[in-house]
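dropping a prediction and its sequence here:
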Amino acid sequence: MDEIKSTAEIMDWLSVGLNHFLPAQVTPNLSKFALSGHSRGGKTAFAVALKKFGYSSNLKISTLIGIDPVDGTGKGKQTPPPVLAYHPNSFDLDKTPILVIGSGLGETTRNPLFPPCAPPGVNHREFFRECQGPAWHFVAKDYGHLDMLDDDTKGIRGKSSYCLCKNGEERRPMRRFVGGLVVSFLKAYLEGDDRELVKIKDGCHEDVPVEIQEFEVIM
């Protein structure tokens, strides 16, 4: 709940505080605002957008992006407040365009001591199932829940990112995929140029660095 509250407060701050930290010749266009989060951050982004947990912002969200979002350790074991309602198309976000990116290995355990990092029933598939259109869902095959991080992640938490989750052979392809897909999605819905997004959808983009395991769209 603290993360939902902080996110809403930061969004409200942008219209009054962001200008003080930008060069004089730069003016932010807050009419094109994208909210994104990874893992529990993805859950937080959806929670703020849904505006039903006591904290919300007056700033309109133009696009919502969940990068391997997770709502707990399993169905019935959601972290409070639970975001997933287990009703198809129940996320009423006033036709906000949504992108959900999933990891093919997120549901796989790395070893018997740890649960999967993106367990079935609380991961990207359920988030997408509860979306209304327009919503896009891509799953990268052979990459794990933390493979969009930097190669060198420092500290105990950083080192543990290689130990807790099932990972792919290297992270760079997943980083490139997530970055390229997010940019293509934003160009499509914030700038009206969907050429790159359609190429990725149709499997025609020669620069896609991963194999797309699954793709779904709700229009």
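Perfect, thanks for sending it.

for the rest of this, base every contact and every neighbour count on C-alpha atoms.
Fine.

can you point me to the longest helix in the chain?
If each helix of the chain is counted by residues according to DSSP state H, the longest one is helix 172-190.

report the central residue of the chain.
Centroid check for the chain by Cα atoms, centre = their mean gives residue 66 as the closest residue, at 1.8 Å.

please identify which helix or strand holds the residue with the largest distance to the centre of the chain.
Centroid-distance maximum for the chain: residue 24 at 31.7 Å, with Cα atoms, centre = their mean. For residue 24, there is no enclosing helix or strand under DSSP states H and E.

look up how far residue 30 lies from it.
Counting by Cα to Cα, to the nearest Å, the gap from residue 24 to residue 30 is 16 Å.

residue 80: what secondary structure?
coil (DSSP: H, G, I helix; E, B strand; the rest coil).

which residues in this structure form helices?
Assigned by DSSP H, the helices in the chain fall at 2-17, 40-50, 124-129, 155-160, 172-190, 195-201.

by mean pLDDT, point me to the weakest helix or strand of this protein.
Least confident helix or strand of the chain, by mean pLDDT, DSSP states H and E, is helix 155-160 with a mean of 86.

now that one, how far from the centre of its chain.
22 Å (Cα atoms, centre = their mean, to the nearest Å).

start the count at 15, not 1, going forward
Sure thing, new numbering starts at 15, so read that last one as helix 169-174.

who touches that helix?
166-167 (Cα atoms under 8 Å, 6 or more residues apart in numbering).
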